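# Provide a 3D model corresponding to the input given below.
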Amino acid sequence: METSAAKKKSEQVLDGSDIMKLVENEEVFSNFVDHKFQELDKDSDGQLSVKELQPAVADIGTALGLPAQGASPDSDHIYCEVLNEFTHGKQEKVNKTEFKEVLSDILLGMAAGLKRDPIVILRIDGEDLLEFINGPSYEAEMVSIFTQIESPDASLQDYIIKAFEKLSVDQGMPPSSDSWVLNNIVEPALQSCSAIDQNKPVSQEVFLTEFKKVAECVAQRLQEQPVIVAHSENTFDGSGIKRLLSNKFELEKSLNTALENVPKDKNGKISKEFLQLVLDAVASAAGLPPVGAVEQIDKVVAESFKMLNADDGKTVKEDEFKKILTEILGSIMLQLEGNPVSVSSNSVVHEPLSSSSSLLQSSS
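Residues are numbered from 1 along each chain as shown. Predicted coordinates:
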């Protein structure tokens, strides 16, 4: 799906295709692994210690968009899991074959995620923001924003900061909800923009005039210090569910895999309480986000459960359980076909993309 953000001049699309090409070409991938292994094997003993693996683990974290190790308990847990994948939680040394197998699995997982939800890397340099504030849609869009944030007690500066929060990459503005953007772009622009008159009463006319002055200062700062933004957008329209339901073999395989660890009573029956758990397990195959990831989708799922009385807690035979889950998927599909759910996110990349990770840089 092409978005207006994806049409901007300074962009790079990450869809996993480059990773797939690397891993699927045995000769190229083997050479890649040989180079990386040799690079990491500092003592040249043909095995990687936990210490020698750390740079690879850090690179994988960077490639996944995680903050540096030690910055967050949540991300540190993921770093620990990546290391455990290599060492199986107990080995002190990893040979080249093990390193290659685990690296292949991790890269293929990253590629699958990027194929499902491509990321567009945008370089925001103030040009599009200037185009917006001097363009024909500026007044109408900013009047709408002014109406949304209208507050009798807010100062002119409060209005301007809140207005920047409502602009998006489509208008050439990186997310000012990001503390780095607020501290290094927006607030310095407000301080340097001496032309702004804080004492004026906040009317619509004053807001439009004064906001434009600050936006010009913001654009200037972006020209001096461009911001890299990772933009992703996805629309859930039921097409993934339709594909799964139309492929009986794939549907049965997905359901059987999801049911492997679901407990049954002595008669082989399954409680309908596990429907939500199994639905979450097949979500990826059905083109749905995990439970809790997208609020609008959670509401659609809840409505489907309610319509089919699927949360009464009764126990049913496995075939009946599968039938109910298939009906739930069909109900979700119909709702999404009628009212697709679109979600997008914009994350500031605080390091230049080309140097943020050496994981996928081939040997020269």
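
# What is the burial count for residue 156?
Neighbours of residue 156 under the rule other Cβ atoms under 10 Å: 20. (Glycine included, C-beta is placed from N, CA and C.)

# so where is the chain shaky, pLDDT-wise?
Across the chain, the ranges flagged by pLDDT under 70 are 1-15, 63-68, 71-75, 77-78, 81, 89-90, 109-110, 112-117, 194-200, 350-364.

# show me where it has strands.
With DSSP state E as the criterion, the chain has strands at 11-14, 47-49, 93-95, 119-124, 227-236, 270-271, 315-316, 341-349.

# can you put those strands in JSON lines and add mean neighbour count and distance to residue 108?
As requested, the strands of the chain are exported to JSON lines (neighbours: other Cβ atoms under 10 Å; distance: least, Cβ to Cβ, whole Å):
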{"stretch": "strand 11-14", "mean neighbour count": "15", "distance to residue 108": "15"}
{"stretch": "strand 47-49", "mean neighbour count": "20", "distance to residue 108": "20"}
{"stretch": "strand 93-95", "mean neighbour count": "16", "distance to residue 108": "19"}
{"stretch": "strand 119-124", "mean neighbour count": "21", "distance to residue 108": "17"}
{"stretch": "strand 227-236", "mean neighbour count": "20", "distance to residue 108": "19"}
{"stretch": "strand 270-271", "mean neighbour count": "18", "distance to residue 108": "32"}
{"stretch": "strand 315-316", "mean neighbour count": "16", "distance to residue 108": "36"}
{"stretch": "strand 341-349", "mean neighbour count": "16", "distance to residue 108": "23"}
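
# Tell me which of those strands lies nearest to residue 249.
Residue 249 sits nearest to strand 270-271 of all these, at 21.9 Å, using Cβ to Cβ.

# Okay, now the sheet partners of that closest one, with direction.
Sheet pairing for strand 270-271, assigned by DSSP bridges, gives strand 315-316 (antiparallel).

# which residues sit against the partner strand?
265, 267, 269-272, 324 (Cβ atoms under 8 Å, 6 or more residues apart in numbering).

# Go again with 10 Å.
The contact list for strand 315-316 (Cβ atoms under 10 Å, 6 or more residues apart in numbering) reads 264-265, 267-275, 321-324.

# Helices - which of the residues you listed land there?
275, 321-324 (DSSP state H).

# what's the most distant pair in those residues?
Farthest pair in these (Cβ to Cβ) is 275 and 323. Separation: 11.3 Å.

# so what's residue 271 bridging to?
Assessed by DSSP bridges, residue 271 has beta-bridge partners residue 315.

# Can you tell me which of the strands of the chain is nearest to residue 104?
strand 93-95 (13.7 Å).

# From the chain's centroid, how far away is that closest one?
Strand 93-95 sits 32 Å away from the centroid of its parent chain (Cα atoms, centre = their mean, to the nearest Å).

# which residues sit in contact with residue 305?
Each residue near residue 305 by Cβ under 10 Å, 6+ apart is listed here: 272, 275-276, 279, 311-312, 324, 328, 331-332.

# next one: residue 165
Here residue 165 is in contact with 145, 149, 173, 175-177, 182, 186 (Cβ under 10 Å, 6+ apart).
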